[in-house]
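**Student:** just a sequence and a predicted model for now, questions to come.
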Amino acid sequence: MIKPVKHILVCGSFRASGAPQGVCAKKGSHDLLAYLETELADRGMGEVTVTATGCLKACDRGPILAVYPANIWYGGVGGEDEIDAILDAMGTDSVAEELVLK
Ligand code: FES
């Protein structure tokens, strides 16, 4: 098993019942997963793992994406433009300031 160097958590709005019911899923967070995986492969960022999660408790700012170990949380990640900005920042060890939850 190879442990990831960096981890992107994408809120999948999953609840204990198993059904995704929250804001992030309703705003399309599940659709971000395939694009993220493709972009990471295209950019040669194999050290990054993507995982869909339960509700990250910031629903009013969703869709939410969190990057670890940097512990940077992004909100309003609604599509490819936002994903590109975040991955561009990760590629230079910087932060996509315009999307950061504060
Ligand atoms: S459903 Fe995504 S933060 Fe709650």
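**Tutor:** On my side now, so go ahead.
**Student:** what number of residues lie near the residue in the chain that the ligand sits nearest to?
**Tutor:** Closest residue of the chain to the ligand, C-beta to the nearest ligand atom: Gly22 (2.6 Å). Any C-beta I mention is one placed from the backbone N, CA and C, and that applies to glycine too. Look at Gly22: counted by other C-beta atoms under 10 Å, it has 22 neighbours.
**Student:** surely it meets Ala52?
**Tutor:** No. Taking C-beta atoms under 8 Å as the definition, Gly22 is not a contact partner of Ala52, at 11.9 Å.
**Student:** which residues are common contacts for those two?
**Tutor:** Residues touching both Gly22 and Ala52 (C-beta atoms under 8 Å, 6 or more residues apart in numbering): Cys11.
**Student:** how about Ala66, secondary structure?
**Tutor:** Taken by DSSP: H, G, I helix; E, B strand; the rest coil, the conformation at Ala66 corresponds to strand.
**Student:** isn't it right up against Gly75?
**Tutor:** No. At 9.9 Å, Ala66 and Gly75 do not qualify as touching, with contact defined as C-beta under 8 Å.
**Student:** count of neighbours near Asp42?
**Tutor:** The number of residues near Asp42, taken as other C-beta under 10 Å, comes to 9.
**Student:** do Cys55 as well
**Tutor:** 20.
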